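Visitor: turn this into a model:
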Amino acid sequence: MLYVTCGSADQAREIGRRVVEEKIAACANIIAGMKSIYRWEGRVEEGDEVVLILKTRALMVPELSARVQELHSFDVPCVVEIPLGRGNPDYFAWIAAETVRSGPGE
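Guide: As a prediction, the model looks like this:
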C-alpha cells in the first residue's frame with residue numbers, strides 16, 4: 001500500500017484514476033480535509049492536503065511509486081510504502097487480480 005499526499009482532491013483523483021486504469025494499483029482511496037505542518041526550504045509551512053491511499057501488490061510498489069512521482073505536481077511528493085500484514089485473503093487476492101496486465105501494452 002502507498003500513502004501519498006496531494007495538493008488537491010482533483011490531483012488525487014487524477015493520479016488515482018490513472019494508476020488504476022494502468023493496472024498498477026487496484027484501488028485508490030481519497031481522504032480530503034488533511035492539514036499539514038512541515039518544514040520546507042528553511043521555513044515551517046502549513047497547508048491543506050488530501051491523502052491518497054493506493055493498494056497494489058508488493059512487487060509493483062517501485063513501479064507505482066515512480067508513476068505517482070511522474071504524475072505529481074510537488075517537487076518532492078510524499079510517496080511512502082506501508083507494508084500490509086494479515087487481512088482478508090479474498091481482498092488480497094482481488095488486489096493481485098486487478099494488478100495483472102493481460103498482454104503487451106497493458
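Visitor: just list the residues touching residue 49, thanks.
Guide: 5, 6, 7, 34, 35, 36 (C-beta atoms under 8 Å, 6 or more residues apart in numbering). For every residue, glycine as well, the C-beta is placed using N, CA and C.
Visitor: now the two most distant members of the residues you listed.
Guide: Using C-beta to C-beta, those span at most 13.8 Å, a distance reached by 6 and 35.
Visitor: looking at those two, which has the bigger crowd around it?
Guide: Using other C-beta atoms under 10 Å, the more surrounded residue of residue 6 and residue 35 is residue 6, with 26 against 8.
Visitor: what about the closest residue to that one other than its chain neighbours, which SS state?
Guide: Excluding the flanking residues, the one nearest residue 6 by C-beta to C-beta, 6 or more residues apart in numbering is residue 12, at 4.1 Å. Residue 12 falls in the helix class when you classify it by DSSP: H, G, I helix; E, B strand; the rest coil.
Visitor: residue 12 and residue 72, how far apart?
Guide: Counting by C-beta to C-beta, to the nearest Å, the separation of residue 12 from residue 72 is 10 Å.
Visitor: I figured residue 101 hits residue 57, correct?
Guide: No - look at residue 101 against residue 57 with C-beta atoms under 8 Å: they stay out of range, at 11.7 Å.
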